[in-house]
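**Student:** would you be able to build a 3D model of this:
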Amino acid sequence: MFKQFTSVFIGILLFIVFLLVSSSVYIVDETKQVFVTQFGKIIRGPINGPGKEEAGLKFRYPFINEVHAFEKRYLEWDGAPNQVTTKDKLFVFIDTYARWRIVDAKLFFEKVRNESGAQSRLDDILDGEARIVVAANDLVEVIRSRQREAVIPEANVLDDESQLKPFNQGRSALAQQVLDNAGPNLKEEFGIELLDFRFKRINYSQEVRLKIFERMISERSRIASKFRSEGDGEAAKILGTQQRELKTITSGAYLEQQQIKGKADAEAVKIYADAFNQSAESREFYEFLKTMETFENTLSKEDTLIFSTDSDFFRYLKQSSPAKE
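**Tutor:** Below you'll find the model as predicted:
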């Protein structure tokens, strides 16, 4: 019985020793910075901080000392989307993002206790600074980050109001303003170094979005109307040129036709004249042919002619009849 009690006692003692040893030993990871408190007061650290003790196996008084570990790496802050009014009285939704790290673990612990508390303070400070910066600038400064020109080559179809407005700073410069305004305060008051701040997303409110869509439709309709009118003008110009060239070609062909016809008639008259002047018989034969052509062109089968015995035509007929024996 005594031996059994002794064995139980030794087992309990060993368990207590194990608890004491395990509670007094802790490991500081390379990605963490640690300090130790005793009854809420910092007595050691930060371990693995800048210029302090290196990471590794460490010891503490069990149940008296408490170890607090904080991230040494970069941390992210993702802001909630908020509706903000710009300087020109337009509503936009902004979604922000930032990176930060703990540079003074002691001050950080005293002010915000843990990372959840730091996220809450960042929500208040960064959201507030973002609202202030956006409200102090026009919409064009918030939504644009670089200068660019409208890509409408050789067609000035947009009025002055619809042209892309120039801006002075741009979204990147506004983000830098938030970083410059909030960074020093966070470092001095909470031991937080703000590494980067960005506008992750900017979107128009529903009312502004509808107005922009209507304006885009109106501008594109005006551009389409201008292109159609220019096309109709070019079509009329081409058709007019075509008609003018057709008339020029037709008149030139008619002139050439008349010139050829005139030359042919002159050549025929010359041939007739030469034949007429050759002899009396030729002239008489020519007169006979011309008379026949005249009758052929002027008389039909239904016409009846009465000639006197002394007419030229009767004389020609008489001369052409065969002599009676």
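**Student:** surely K87 meets A136?
**Tutor:** Yes - using C-beta atoms under 8 Å, K87 is in contact with A136, at 6.1 Å. Every residue, glycine included, has its C-beta placed from N, CA and C.
**Student:** close enough to count as contact, S23 and F63?
**Tutor:** Yes - using C-beta under 8 Å, S23 is in contact with F63, at 6.4 Å.
**Student:** between the two, tell me which one has more neighbours.
**Tutor:** Higher neighbour count among S23 and F63: S23, with 14 against 10, using other C-beta atoms under 10 Å.
**Student:** now do the helix or strand that the more buried one is a member of: everything it contacts.
**Tutor:** Counting by DSSP states H and E, the element that carries S23 is helix 2-24. Helix 2-24 is touched from outside by F59, R60, Y61, P62, F63, with contacts defined as C-beta atoms under 8 Å, 6 or more residues apart in numbering.
**Student:** tabulate those residues (CSV), appending secondary structure, distance to S205 and pLDDT.
**Tutor:** Formatted as CSV, the contacts of helix 2-24 follow (DSSP: H, G, I helix; E, B strand; the rest coil; distance: C-beta to C-beta, whole Å; pLDDT from 0 to 100):
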residue, secondary structure, distance to S205, pLDDT
F59, strand, 59, 77
R60, coil, 55, 78
Y61, coil, 59, 77
P62, coil, 58, 81
F63, coil, 57, 78
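**Student:** just the buried ones from these, in ChimeraX syntax?
**Tutor:** Buried residues within the contacts of helix 2-24, by 16 or more other C-beta atoms under 10 Å, are selected in ChimeraX with:
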select :60
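**Student:** possible to save the contacts of helix 2-24 as TSV with distance to I202?
**Tutor:** Below are those laid out as TSV (distance: C-beta to C-beta, whole Å):
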residue	distance to I202
F59	52
R60	49
Y61	53
P62	53
F63	53
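**Student:** out of the contacts of helix 2-24, who's nearest Q242?
**Tutor:** R60 (100.2 Å; C-beta to C-beta).
**Student:** I'd like the distance between the closest one and V34.
**Tutor:** Distance, R60 to V34, using C-beta to C-beta, to the nearest Å: 10 Å.
**Student:** which neighbours do these two have in common?
**Tutor:** Y26, V67.
**Student:** per-residue confidence for F109?
**Tutor:** For F109, the pLDDT comes out at 88.
**Student:** what does K211 give?
**Tutor:** pLDDT, K211: 77.
**Student:** what about it, which helix or strand?
**Tutor:** Going by DSSP H and E, K211 is part of helix 206-276.
**Student:** number of nearby residues for V269?
**Tutor:** Neighbourhood size, V269 [other C-beta under 10 Å]: 10.
**Student:** cool, and A105?
**Tutor:** Residues near A105, counting by other C-beta under 10 Å: 26.
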